[in-house]
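>>> Show me the folded form of this:
(one chain, ligands or ions: 3)
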Amino acid sequence: MRTMNSLMSEIEQAKKIVVCGHIMPDGDCISSVMSLSLGLEKLGKKVTPAIDWEIPSKFYEFPHVDKIIPYSEELQLSDLLIVVDASSPDRIGGFQSLMKSGIRTIVIDHHKTNTYFGNVCWVDPKYSSTAQMVYHLLKLLDVNYDEELALLNYLGIATDTGFFRYSSVDASVFEDAADLVRQGARPDVVSRIILDSRRIEEFYLEREALAKLKLCCDGKFAYSYLEKESFDKYGMTTNDFIGFVGELRSINTVEVAMFASEASKGEAHVSLRSKCYFDVSEVALAFGGGGHERAAGFTLKYEGELLKAIKEVIEFIEERLRDSEN
Ligand code: AMP
Ligand code: MN
Ligand code: MN
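Ligands and ions are numbered 1, 2, ... in the order given. From the prediction side, this is the model:
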């Protein structure tokens, strides 16, 4: 209660607000940035939506997403920074320098691994998505929803719950989503843009990743990887190929899945997923990243080959998996 009061009073006092999401943005990040920005604009604030990273192209089909800008120095003149869906300062790219300049900062997030890096932090891992937290905040602030706001807000709840499939889904998720649908959100539009708009090159990459798929620990652990050459071959980037780790998890015997994608030589993003009991956020934390119990990730820096570099991660997971069974 005290957190919500401080958060609302910070917002009330500010005129120029930057709402910033995390690097390598996903649906929840883009949804939270855009719906909070539109909501605060309705309250008369001057708001800049911002993400210091390239936005995956399919999200431009949603309204207003083209207004999201990367970090620039002129944003230093703002009164308040609201960071959404990011668990630590290294996740916001250039906006860390805005924080260093001493701007008041609010953090709104649902990651268990959040480091509480703002002046006011509303962090609650019980929420399915940061977008659902934004929905509750905008309701508290008495914001009137229109169709575009409802659609943008629904987007993050749908994507971060795997379209209402994950263990984070409780009755409140359906209630809040239903309210957004009542106010004009279109579930069919969201699922068409997110799920039914895959490029054929994604399938070619999937074919290569499947050829490298390994199953170990009696089929409980599945992993694969792709090097930069593969992405280059099809004119794709790691940004264009993000759902594959979920495919690995969907194998019937699998508890833990890992997929490593090489963004540039010597740097890869590692995505981790689990199904029932294995806490992947602990693995991600051990390698300098973060996330949730069932979905986490980190950036791996290395010299030489990607496969050699991920050996350490593979062994770490195998050991933990064995321990968790004893
Ligand atoms: P991903 O595998 O990239 O889809 O990420 C899964 C979850 O882990 C998301 O909730 C991310 O926000 C989080 N995550 C991914 N990479 C990192 C990182 N480098 N540091 C902290 N959290 C991360
Ligand atoms: Mn996210
Ligand atoms: Mn999220």
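
>>> The residue nearest to residue 230 when sequence neighbours are not counted - how many residues pack around it?
Closest residue in space to residue 230, ignoring its immediate chain neighbours: residue 208 at 5.1 Å, by C-beta to C-beta, 6 or more residues apart in numbering. For every residue, glycine as well, the C-beta is placed using N, CA and C. Residue 208 is flanked by 17 other residues according to other C-beta atoms under 10 Å.

>>> my guess is residue 208 contacts residue 229, does it?
No - using C-beta atoms under 8 Å, residue 208 makes no contact with residue 229, being 9.7 Å away.

>>> Check which helix or strand the residue nearest to residue 230 maps to.
Assigned by DSSP states H and E, residue 208 falls within helix 200-211.

>>> mind listing what the helix or strand following that helix pairs with, with the direction of each?
Per DSSP H and E, the first helix or strand lying C-terminal to helix 200-211 is strand 214-216. With DSSP bridges as the test, strand 214-216 is paired with strand 221-226 (antiparallel).

>>> So which bits of the partner strand are buried?
Going by neighbour count (16 or more other C-beta atoms under 10 Å), the buried part of strand 221-226 is 221-226.

>>> Dihedrals phi and psi, residue 273?
phi -140, psi 150 (degrees, to the nearest 10).

>>> Count the neighbours of it for me.
26.

>>> can you map out the strands along the stretch 51-200 of the chain?
For the stretch 51-200 of the chain, the strands defined by DSSP state E, counting those that start in this stretch occupy 80-84, 104-109, 120-123.

>>> which ones are touching residue 149?
35, 38-39, 42, 143, 183 (C-beta atoms under 8 Å, 6 or more residues apart in numbering).

>>> Highest neighbour count among these?
Busiest of the contacts of residue 149 [other C-beta under 10 Å] is residue 35, holding 32 neighbours.

>>> Contact partners for whichever residue of the stretch 51-200 of the chain sits closest to ligand 2?
The stretch 51-200 of the chain approaches ligand 2 most closely through residue 85 (4.4 Å), counting by C-beta to the ion. Going by C-beta under 8 Å, 6+ apart, residue 85 touches 21-22, 28-29, 32, 108-111, 130, 156.

>>> Helices along the stretch 201-326 of the chain, start to end?
Secondary structure of the stretch 201-326 of the chain (DSSP state H, counting those that start in this stretch): helices located at 228-233, 244-249, 280-286, 306-325.

>>> got the residues of the stretch 101-250 of the chain near ligand 3?
Proximity of the stretch 101-250 of the chain to ligand 3, by C-beta under 5 Å from the ion, involves residues 130, 160.

>>> rerun that using 8 Å as the cut-off
109-111, 129-131, 156, 160 (C-beta under 8 Å from the ion).

>>> And the residue of the protein that's closest to ligand 3?
residue 28 (3.5 Å).

>>> a strand runs through that residue, doesn't it?
No - looking at residue 28 with DSSP: H, G, I helix; E, B strand; the rest coil, it is helix, so not inside a strand.

>>> Tell me if I'm right that it and residue 133 touch.
No - using C-beta under 8 Å, residue 28 is not in contact with residue 133; the gap is 10.0 Å.

>>> Who has more neighbours out of those two?
residue 28 (27 against 24).

>>> Contact partners for the more buried one?
Contacts of residue 28 (C-beta under 8 Å, 6+ apart): 85, 129-131, 156-157, 159-160.

>>> With residue 261 instead?
So residue 261 contacts 225-226, 231, 238, 241, 268-269, 271 (C-beta under 8 Å, 6+ apart).

>>> Which residue comes closest to it once chain neighbours are left out?
In space, residue 261 is closest to residue 238, 4.3 Å off (C-beta to C-beta, 6+ apart).

>>> Could you report the pLDDT at the one you found?
You'll see residue 238 listed with a pLDDT of 93.

>>> Can you tell me which of the strands of the stretch 51-200 of the chain is most buried?
Among the strands of the stretch 51-200 of the chain, ranked by average contacts under mean count of other C-beta atoms under 10 Å, first place goes to strand 80-84 (a mean of 27).

>>> What strands flank that one, and is each parallel or antiparallel?
By DSSP bridges, strand 80-84 pairs with strand 16-20 (parallel), strand 104-109 (parallel).

>>> And these: which comes nearest residue 89?
For residue 89, the closest of these is strand 104-109, at 9.4 Å, according to C-beta to C-beta.
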